[in-house]
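> pasting the sequence and the predicted coordinates here, then a few questions.
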Amino acid sequence: PTPEQMKASLVQVASQSLCCDCNGVNPMNASINNGIFLCDVCAEVHKTFGDQFSFVRSIPNNDWNYICYLYMELGNNENFRGFMEKYSLLAEPVAIRYTSRAAEYYRMRLYSLVQGTAFELPEPDIVGGRMPLSKEVAKVEEKKESKVEKAGAYVYSKGKVAFEYIAQKGHEISENQTVRSVAKKTKDGLIKAADVVGGAISNFIKGFSNEREESRKTT
């Protein structure tokens with residue numbers, strides 16, 4: 001198939017699939033080395049893991065070669081989730097799931113399928129498969145939390161400045177008392193909206209922090 005045909009085929013499959021991590025609809029991103037489809041939100045989380053654990057690409061916005069296409073053809077969400085279920089890893093935070101020895105084994109086996117080579121390594125036992133490859137889980141969690149914190153602070157600060165600027169310009173468009181009154185209400189409303197957004201981001205960050213602590217307790 002041509003690159004255009006491969007992309008069109010994957011877009012069609014993705015449009016009929018759910019995100020492998022959250023079951024969101026229309027997952028137009030691929031974790032190629034895991035052979036799974038991801039929504040935009042989960043794809044951003046996967047990018048914090050590093051390409052070793054999840055090589056993420058947008059399906060419609062990236063070019064596709066036959067090797068990458070085969071990963072998605074021979075992989076798929078159902079196969080990956082079925083293998084993770086054997087190790088009770090679907091209930092674990094995604095950072096633990098994708099940095100586990102079971103996930104690494106799955107990626108190695110999928111690589112062999114794509115390359116058409118024999119794969120003779122035995123599956124890890126249940127205890128061994130649930131273990132992290134090394135200390136990568138802690139590194140991934142710290143990196144993920146740091147990026148989320150920075151992103152949240154940036155969005156909040158820039159968003160609030162933008163809201164204030166828009167409201168101020170509205171205040172300046174006329175000396176008319178009625179318009180100035182409306183502008184003031186608009187400004188107050190937008191600043192309040194920014195505070196709500198900031199609060200939501202803050203709660204989101206706290207959730208990640210709590211998840212990381214829970215992950216460390218279980219490992």
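Perfect, I can see it now.

> contacts and neighbour counts: CA atoms only from here.
Noted.

> looking at it, H46 is touching S54, isn't it?
Yes - using C-alpha atoms under 8 Å, H46 is in contact with S54, at 6.0 Å.

> which regions of the chain sit below the pLDDT cut-off?
Across the chain, the ranges flagged by pLDDT under 70 are 135-219.

> which stretches in it count as helices?
Using DSSP state H, the helices of the chain run over 3-15, 40-47, 66-74, 77-86, 94-98, 101-115, 126-130, 136-172, 177-218.

> what about T48, distance to C42?
Distance, T48 to C42, by C-alpha to C-alpha, to the nearest Å: 10 Å.

> cool, C20 as well?
Per C-alpha to C-alpha, C20 is found 9 Å from C42.

> more crowded one of the two?
Comparing C20 with C42 by neighbour count (other C-alpha atoms under 10 Å), the higher total belongs to C20, at 22 against 18.

> wait, what's in contact with the more buried one?
Counting by C-alpha atoms under 8 Å, 6 or more residues apart in numbering, C20 touches I36, F37, L38, N77, R81.

> top of those by neighbour count?
F37 (33 neighbours).

> pretty sure that one is touching C19, no?
Yes - with contacts counted by C-alpha under 8 Å, F37 reaches C19, the gap being 5.6 Å.

> okay, and the common contacts of the two?
P27.

> and N23, how many neighbours?
When neighbours are counted by other C-alpha under 10 Å, N23 comes out with 13.

> quick check: phi and psi at it.
phi 70, psi 20 (degrees, to the nearest 10).

> any idea how far R81 is from it?
Separation of N23 from R81 (C-alpha to C-alpha): 12 Å.

> once you drop chain neighbours, what's closest to M84?
Excluding its sequence neighbours, the residue lying closest to M84 (C-alpha to C-alpha, 6 or more residues apart in numbering) is L90, at 6.1 Å.
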